[in-house]
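Participant: got a predicted structure here, sequence first:
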Amino acid sequence: MLKLYRSSLIALVFIAPLITVPVLAQSTPPSDQELENRRRPRDEGIIRQRTSPLDNLEQTFEQNRRPRGEGIRRGAICAISPATDRLQTEAVIWSDRPLFLWRTDPTVIRVTSIQVYNLETNEIAWEKDLAPADQRALFEGNPLQPGQIYVWELAFERQNPTTQTWEPETLSYTFEVLAGDRREQITAGLQQLSGDHTQNTSQDVAISQANYLMQQGLLSDGLQILYRVSTPTPQLSERLQTLTNSVCES
């Protein structure tokens, strides 16, 4: 009986080290600093993506633009700005020298001229001849008057698919130039944003001002601010093209 007990004890002595070997082979857990270093690149990338000024701008644009309607069919002309019913719900603008934007298919439509006149007096404020493939024009006349309603008229020629001849047409929209307290408030807001970003580039200031204008429902003015940037980055140019084209899409 004693011999049996001793044999069992010896067997346990030899078996025990074999059981503890896997425990000794475990690797040391990573330190808190190592875990932080592993997480940092991914986390910082997510933060940058969420706080991108251009992403915020596009979100503001989508939240304040007129609800999307039907897309423009081939052979049609899409008037975008200022203050068209495809872009914003209220036909008002802040700028007294607006930017005019439109999209066409130059193979079937050739723009010829643009004209701006006062709705009440019919007095022409500005007119300009256009090249057939032009898709924008900056107002170059005397500043428009706050509180006045104007008409901008785009003249173009459409190719008749049957006769292959070019037939003249026009497309017109009305808009009002902001006046009074609302105009003063927006002017002050733009000036403050310009002063708050004295250390930033002109593009940074433009993005902030455009975002502010779009929050006020003035998407035409927001787009105009962005188009005024003299040397836009490729990222801004691409995003601006996306925003403008989206107005003509369903």
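Facilitator: Noted; the coordinates are in hand.

Participant: quick one, phi psi at I80?
Facilitator: With angles defined as degrees, to the nearest 10, I80 sits at phi -110, psi -50.

Participant: quick check: which element contains the residue lying closest to it once chain neighbours are set aside?
Facilitator: By the measure of C-beta to C-beta, 6 or more residues apart in numbering, the closest residue to I80 outside its immediate chain neighbours is L101, 4.1 Å from it. C-betas here are computed from N, CA, C, even on glycine. If you go by DSSP states H and E, L101 is part of strand 99-103.

Participant: any figure for the gap between the most centrally placed residue in the chain and S237?
Facilitator: Centroid check for the chain by C-alpha atoms, centre = their mean gives E58 as the closest residue, at 3.5 Å. Remark: distance between E58 and S237 (C-beta to C-beta, to the nearest Å) = 14 Å.

Participant: what's the answer for W102, then?
Facilitator: W102 is 19 Å from S237, where distance means C-beta to C-beta.

Participant: quick one: terminal-to-terminal distance for stretch 222-237?
Facilitator: The straight-line separation of the ends of stretch 222-237 (C-alpha to C-alpha, to the nearest Å) is 14 Å.

Participant: that stretch: which residues count as buried?
Facilitator: G222, L223, Q224, I225, L226, Y227, V229, P232, L236 (16 or more other C-beta atoms under 10 Å).

Participant: next, the second one: secondary structure please.
Facilitator: At L223 the chain is in helix, as set by DSSP: H, G, I helix; E, B strand; the rest coil.

Participant: what pairs with the nearest residue to it once chain neighbours are set aside across the strands?
Facilitator: Nearest residue to L223, sequence neighbours excluded (C-beta to C-beta, 6+ apart): S81, at 5.7 Å. Under DSSP bridges, the beta-bridge partners of S81 are L101.

Participant: T112 sits in which helix or strand?
Facilitator: strand 109-118.
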